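[1] Okay, sequence plus prediction incoming.
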Amino acid sequence: MTDENSIPGTACIGILGSGQLGRMLAIAAAQLGLQTHVFAPDADTSPAGQVATRTTTAAYDDIAALRRFAASVDAVTSEFENVPAATMEVIGASCLASPGAAALRAAQHRIAEKTLAAGLGIPTPRYWQVRNREDLTLAMEALDGPAILKTCQLGYDGKGQRRLMPGDDLAAVLAELHSDDAILEEMIAFDGEISALLARDPDGAICHFPVTQNRHENGILATSVAPAPIVPALATAAQTAAAALADAVDLVGLLAVEFFVGTDGRL
């Protein structure tokens, strides 16, 4: 990283978002002698706000507040991927921002995410965009097999998704999902899940962490083992794909990409 992109040891890190991840980040920063400034609609009463050096309570579309916030810190990051990309765009105009608006846009919408990956030659399950019952009917007919219907935005730990089989009541399923912006994904046979984690600096240099093997219970991550007990070629393939994604969105910061390992041994 070049000097102009570095931050001093007494710096103040801006954090967009105010939950438990922001809290852990603020605590870790304090242990390194860094100050933190949390910006969120509920910053004053939030888990992160309780341990931050400073807080700003304002909406993510409050341009004046965002500009004052950016001027008060040395760099800004987001505690999770659902801070509006437009917010990061405003911040990035005057401050070193991580991960950047392009990365957030891709991570916030599953169709955008899949389209980006497919365009880079990274294997994905077959998928269809679903806005209404007709879309879902046509997609299920084309797939002719088990599938998973997910909301395109938000949803985690198994929330915002529903397994589907041919013959299911599609109208009822859509009503349960409460979304007119969804994605139908082919259900694939897999032996496990791995994650590739990397860091990329503003100059494009990438550092890889060991690939992890993940185990879930009831749709929620239970344990991760690193380095993953997998063949080196598989770990290299995961890291190569993650690096391609990071370069494509001009990432600054950290990126974790989860992969299924198919029963054929491929990502």
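    Received, thanks. Numbering: from 1, shown residues only.

[2] drop to CA atoms for contacts and neighbour counts, all remaining ones
    Fine.

[3] helix, strand or coil for the residue of the chain positioned farthest from its centre?
    Most distant residue from the mean C-alpha position of the chain: residue 167, 33.0 Å away (C-alpha atoms, centre = their mean). The three-state assignment at residue 167 reads coil, by DSSP: H, G, I helix; E, B strand; the rest coil.

[4] who's in contact with residue 135?
    residue 129 (C-alpha atoms under 8 Å, 6 or more residues apart in numbering).

[5] Report pLDDT for it.
    pLDDT for residue 135: 91.

[6] and the residue nearest to residue 214 when sequence neighbours are not counted, what pLDDT?
    Spatial nearest neighbour of residue 214, excluding adjacent residues (C-alpha to C-alpha, 6 or more residues apart in numbering): residue 224 at 4.4 Å. Note on residue 224: pLDDT of 93.

[7] and the protein, what are its domains?
    3-103, 126-186, 189-262 (automatic domain parsing).

[8] deepest of those domains, which one?
    domain 3-103 (a mean of 19; mean count of other C-alpha atoms under 10 Å).

[9] Which of the helices or strands spans the nearest residue to residue 260 once chain neighbours are set aside?
    Spatial nearest neighbour of residue 260, excluding adjacent residues (C-alpha to C-alpha, 6+ apart): residue 193 at 4.5 Å. Element membership for residue 193 (DSSP states H and E) is strand 190-200.

[10] Just the C-alphas of that strand, formatted as PDB.
    Output of strand 190-200 as PDB, limited to C-alpha atoms (Å, rounded to 0.1, in the frame of the first residue of the first chain):
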ATOM      1  CA  PHE A 190     -22.600 -30.900  -2.800                       C
ATOM      2  CA  ASP A 191     -20.300 -32.500  -0.200                       C
ATOM      3  CA  GLY A 192     -19.500 -29.300   1.700                       C
ATOM      4  CA  GLU A 193     -18.900 -25.600   1.700                       C
ATOM      5  CA  ILE A 194     -15.600 -23.700   1.800                       C
ATOM      6  CA  SER A 195     -14.800 -20.000   2.000                       C
ATOM      7  CA  ALA A 196     -12.000 -18.000   0.400                       C
ATOM      8  CA  LEU A 197     -11.000 -14.800   2.300                       C
ATOM      9  CA  LEU A 198      -8.700 -12.100   0.900                       C
ATOM     10  CA  ALA A 199      -7.600  -8.600   1.500                       C
ATOM     11  CA  ARG A 200      -7.000  -6.100  -1.400                       C
END
